[in-house]
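Engineer: here is my input; please provide its structure:
(one chain, ligands or ions: 1)
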Amino acid sequence: MSIENTAVIEQDRKHVWHHLNQHSVLKSQDPMVMVKGEGSRVWDAKGNSYLDASSGGVWCVNVGYGRSSIAEAVSKQLTELNFFASTAGTVPAAEFAEKLLAKMPGMSRVYYASSGSEANEKAFKIVRQIAHLKYGGKKHKILYRERDYHGSTIAALSATGQEERRKQYGPFAPGFVEFPHCCEYRSQFGDVSDYGVRAAKELEKVILQEGPDTVGAVILEPITAGGGVITPPEGYWPTIMEICKKYDVLLHIDEVVCGLGRTGEWFGYQHYGIKPDIVTLAKGVASSYAAISCTVTTEEVFNEFMADSSDREAYFRDISTFAGCTAGPAAALENLRILEQEELVHNSKMMGDYLLEGLIGLQAKHPIIGDVRGKGLLLGIELVSDQDAKTPVDESVAVKVAGMCMAKGLIIGRTNRSFASLNNTLCLCPVLTLSKQEADFIVTTIDEVLAQLE
Ligand code: PLP
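Structural biologist: The predicted structure follows:
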């Protein structure tokens, strides 16, 4: 290791507070400091190289590392105009909005910000303001699903169904109400033939309990990502849509992880024929070469804010400073061009199917694998100590597996407790350029690690 890199590790250990880390661990081990990325590989400050099957630890570097064309596009734009507040427009913001919406039939307006949490906050404010503009403030409640994650800020966390994220951060914002998850493998409603419909009807129960005239929107991930890679069972989405329509509830789809090709379609909701009112995007929008998020709405939602001139407060009175930084949309435009030119959404589907097949093969071999699920390059492996009883392994086992993979040059999520989403589920979300050879390496490494563990 070079002297410079030793210094960096010490600087990091002394001064940086890492996200989602118990820092007491770093008293006895070096912090991981990343220094380089190329394609699907990253290098740490100690010179170790890894195949990154986590797309940057949090499923976001969709087009892979080291894309100089994105860096050049950003550089060119920043030299031309680096910033102007989003109270006005900029060239890349207008161009990207048009190109993005062309991929989202039925959607019509893009509201920019800088993170997934923020995009969801904007959506909540839109719903709350519509409640005031149309329903005297009554239809303000937002329902969310157990196991879904919507961000780290207090309102986004108030809409998050993961106890491990919420614990010790209450009290939460009022008006957010949870309904049960839809994971068929972890069935909450017994062995029913129409599981998807049965699970979706839980939403209706909660709407009726709360009073339909108080419920403004429901927020859902199309496929639950960090909560355990939960693919919705058949019949789930049509029933959810019917319920939203019946009770005049806006459907907000959180595509922060699934958006921009992750699941083998441009957007996760497009697998299921969902017609959303609001869609939020972040991570993959610019493959995290710049901070950008989008709250996308239909024209109907947008039109709720076109008040007559007598109501001086009826416009969306919201702003975020960094939404005006042009690095975001400039990077997003080039990112979109790469996704199209290299047909990466198709590759995500093809390689996702290939990887899934490999993992299903492992399931037959390793009794510790209870379930394998996901779509495209968003896949999960649920670990159990008894396949028949589906007894989850302790979270520490999943952490150990990730650590052992890392020692073999494969990153799957993070190596601390946070990555093991359902606490016993390993998550795989490699970059969308993944090759067969790289997919084989992922499967072989997990195979070897599980054999070693058993
Ligand atoms: N929504 C989903 C589905 C996410 O997975 C995340 C982050 O992991 C967020 C929202 C929050 O995004 P951010 O961390 O950019 O605020």
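Engineer: and residue 322, what does it touch?
Structural biologist: 113, 114, 291 (Cβ atoms under 8 Å, 6 or more residues apart in numbering). All C-beta atoms are positioned from the backbone trio N, CA, C, and that covers glycine.
Engineer: contact partners for the first one?
Structural biologist: Residue 113 sits next to 119, 122, 292, 293, 294, 295, 320, 322, 323 when contact means Cβ under 8 Å, 6+ apart.
Engineer: how close does the fifth one get to the ligand?
Structural biologist: Put plainly, it is residue 294. For residue 294, the distance to the ligand under the criterion Cβ to the nearest ligand atom, to the nearest Å works out to 12 Å.
Engineer: touching, that residue and residue 109? I think so.
Structural biologist: No - assessed by Cβ atoms under 8 Å, residue 294 is found out of contact with residue 109, at 9.7 Å.
Engineer: between those two, which one's more packed in?
Structural biologist: Between residue 294 and residue 109, counted using other Cβ atoms under 10 Å, residue 294 has the larger neighbour count: 31 against 16.
Engineer: for the ligand, what's its nearest residue on the stretch 101-250 of the chain.
Structural biologist: Among all residues of the stretch 101-250 of the chain, residue 116 sits closest to the ligand, at 2.3 Å; criterion: Cβ to the nearest ligand atom.
Engineer: so stretch 378-397, near the ligand or not?
Structural biologist: No - under the criterion of Cβ under 6 Å from any ligand atom, stretch 378-397 makes no contact with the ligand; the nearest approach is 10.6 Å.
Engineer: residue 382 against residue 374, yeah?
Structural biologist: No - between residue 382 and residue 374 there is no contact under Cβ under 8 Å: 10.7 Å.
Engineer: neighbour count winner among the two?
Structural biologist: Set side by side, residue 382 and residue 374 give different neighbour counts by other Cβ under 10 Å, the larger being at residue 382 (27 against 24).
Engineer: so where's the stretch 201-350 of the chain shaky on pLDDT?
Structural biologist: Applying pLDDT under 70 to the stretch 201-350 of the chain flags the ranges 308-309.
Engineer: now with 80, please.
Structural biologist: Low-confidence segments of the stretch 201-350 of the chain, defined by pLDDT under 80, span residues 307-310.
Engineer: quick one: contacts for residue 298?
Structural biologist: Contacts of residue 298 were listed using Cβ under 8 Å, 6+ apart, and they are 106, 107, 108, 109, 276, 277, 278.
Engineer: the contacts of residue 113: which two are farthest apart?
Structural biologist: Distance extremes for the contacts of residue 113: the farthest pair is 295 and 322 at 14.5 Å, using Cβ to Cβ.
Engineer: pull up the pairing partners for the longest strand anywhere in the chain, direction included.
Structural biologist: Once the chain is assigned using DSSP state E, the strand that runs over the most residues is strand 378-386. Strand partners for strand 378-386, identified by DSSP bridges, are recorded as strand 369-375 (antiparallel), strand 391-392 (antiparallel), strand 425-428 (antiparallel).
Engineer: with mean pLDDT added, can I get these in CSV?
Structural biologist: Below are the strands paired with strand 378-386 laid out as CSV (pLDDT from 0 to 100):
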stretch, mean pLDDT
strand 369-375, 96
strand 391-392, 90
strand 425-428, 93
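Engineer: from those strands, which stretch is densest packed?
Structural biologist: Among the strands paired with strand 378-386, strand 425-428 has the highest mean neighbour count (mean count of other Cβ atoms under 10 Å), at a mean of 27.
Engineer: show me what the next helix or strand after that one is packed against.
Structural biologist: As assigned by DSSP states H and E, the chain's next helix or strand after strand 425-428 is helix 436-453. Using 3 or more Cβ pairs under 8 Å, 6 or more residues apart in numbering; DSSP states H and E as the contact criterion, the secondary-structure elements in contact with helix 436-453 are strand 49-52, helix 344-365, helix 395-407, strand 410-411.
Engineer: not including adjacent chain positions, what is the nearest residue to residue 394?
Structural biologist: Closest residue in space to residue 394, ignoring its immediate chain neighbours: residue 424 at 7.6 Å, by Cβ to Cβ, 6 or more residues apart in numbering.
Engineer: follow-up on the earlier one: and the strands paired with strand 378-386 as CSV, adding distance to residue 446?
Structural biologist: Listed next are the strands paired with strand 378-386 as CSV, based on distance: least, Cβ to Cβ, whole Å:
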stretch, distance to residue 446
strand 369-375, 9
strand 391-392, 18
strand 425-428, 8
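Engineer: using CSV, write out every CA atom in stretch 133-142.
Structural biologist: This file holds the C-alpha atoms of stretch 133-142, laid out as CSV (Å, rounded to 0.1, in the frame of the first residue of the first chain):
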residue,chain,number,x,y,z
LEU,A,133,-56.8,22.6,-2.2
LYS,A,134,-59.6,20.1,-2.9
TYR,A,135,-60.7,18.5,0.4
GLY,A,136,-60.4,21.0,3.1
GLY,A,137,-57.2,19.3,4.4
LYS,A,138,-59.0,16.1,5.1
LYS,A,139,-57.6,13.7,2.5
HIS,A,140,-54.1,14.0,3.8
LYS,A,141,-53.1,10.5,5.0
ILE,A,142,-50.4,8.6,3.2
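Engineer: go through it and flag the buried ones.
Structural biologist: Within stretch 133-142, the residues that qualify as buried by neighbour count (16 or more other Cβ atoms under 10 Å) are 139, 140, 141, 142.
Engineer: hmm, back to that, columns secondary structure on top of the contacts of residue 322, output as JSON lines?
Structural biologist: Conversion of the contacts of residue 322 to JSON lines gives the following (DSSP: H, G, I helix; E, B strand; the rest coil):
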{"residue": "113", "secondary structure": "strand"}
{"residue": "114", "secondary structure": "coil"}
{"residue": "291", "secondary structure": "coil"}
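Engineer: how about residue 226, secondary structure?
Structural biologist: For residue 226, the secondary structure call by three-state DSSP comes out as coil.
Engineer: mind listing what the residue of the stretch 101-250 of the chain closest to the ligand touches?
Structural biologist: Counting by Cβ under 8 Å, 6+ apart, residue 116 has contacts 150, 151, 156, 254, 256, 280, 281, 282, 283, 293.
Engineer: redo that, cut-off 6 Å
Structural biologist: Applying Cβ atoms under 6 Å, 6 or more residues apart in numbering, we find residue 116 in contact with 151, 256, 282, 293.
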